[in-house]
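[1] Give me a model of this one.
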Amino acid sequence: MHIPGKTECFECRPKPTPKRIPYCQIRSFPDKPVHCVMWAKALFQTLFGSVEEGEEIAGEDEDSSDLVSLSAEDLFNRLFDGEIRKQLSITTDWRGRAPPVPITYSNALKDDSAPVEPVSAVAEDQVGSLADNVRAFCDSLQGLHAERERASEELTF
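    Next up is the predicted model:
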């Protein structure tokens, strides 16, 4: 009960900032750059490390542990085709935005006739094609898996 001049009102107290971002926000409507960074960090920790207390995403799916055993191509298809299709099937509100388009590994590489260059050969200020980015994703994933095998500790984001 609020009594003016005697008790605090509910709005008078600052609300604590949550340390965890709801998984549904990051997964369904990542409308801020921090959401994309949090998603990438959670994925990285699932694949190469452990989730640090207080920094995990609230309500994260428990089926993410099987991602570790997937090949780079299968992981790409799961994340950028399967997960997008799942979101398209359950979400109809895109808040005035175009819905995402699923991308498969084979379709992303299909129309690219450019020679395959290692990731290190691409200039930092160059914007790569979709195929370049798919190759960079897979090369990075394979390199991180190799590094984790050599390292005595878990990798950190």
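[2] Lys86 versus Arg97, what's the distance?
    Using CB to CB, to the nearest Å, one obtains 18 Å as the distance from Arg97 to Lys86. From N, CA and C alone the C-beta is placed, and that goes for glycine too.
[3] so how far is the helix or strand in which Ala40 is found from its chain's centroid?
    In the assignment (DSSP states H and E), Ala40 maps to helix 33-48. Distance, stretch centre to chain centre, for helix 33-48: 5 Å (CA atoms, centre = their mean, to the nearest Å).
[4] So for it, mean pLDDT?
    If you average the pLDDT over helix 33-48, you get 82.
[5] buried residues in that helix?
    35, 38-39, 41-42, 45-48 (16 or more other CB atoms under 10 Å).
[6] what's the closest of these to Ser69?
    For the buried residues of helix 33-48, the residue nearest Ser69 by CB to CB is Leu47; the value is 10.1 Å.
[7] Tell me which two of the buried residues of helix 33-48 sit farthest apart.
    The largest separation in the buried residues of helix 33-48, counting by CB to CB, is between His35 and Phe48 at 20.5 Å.
[8] any low-confidence regions in this structure?
    For the chain, the stretches flagged by pLDDT under 70 are 1-2, 10, 17-29, 50-65, 111-123.
[9] if we go to 50?
    With pLDDT under 50 as the threshold, the chain has low-confidence stretches at 53-54, 62.
[10] can you give me the strands in it?
    Here the chain has no strands by DSSP state E.
[11] Give me the longest helix you can find in the protein.
    Selection of the longest helix in the chain by residue count, based on DSSP state H, yields helix 130-150.
[12] Now do the buried residues in that one.
    Buried residues in helix 130-150, defined by neighbour count with 16+ other CB under 10 Å: 131-132, 134-135, 137-138, 141.
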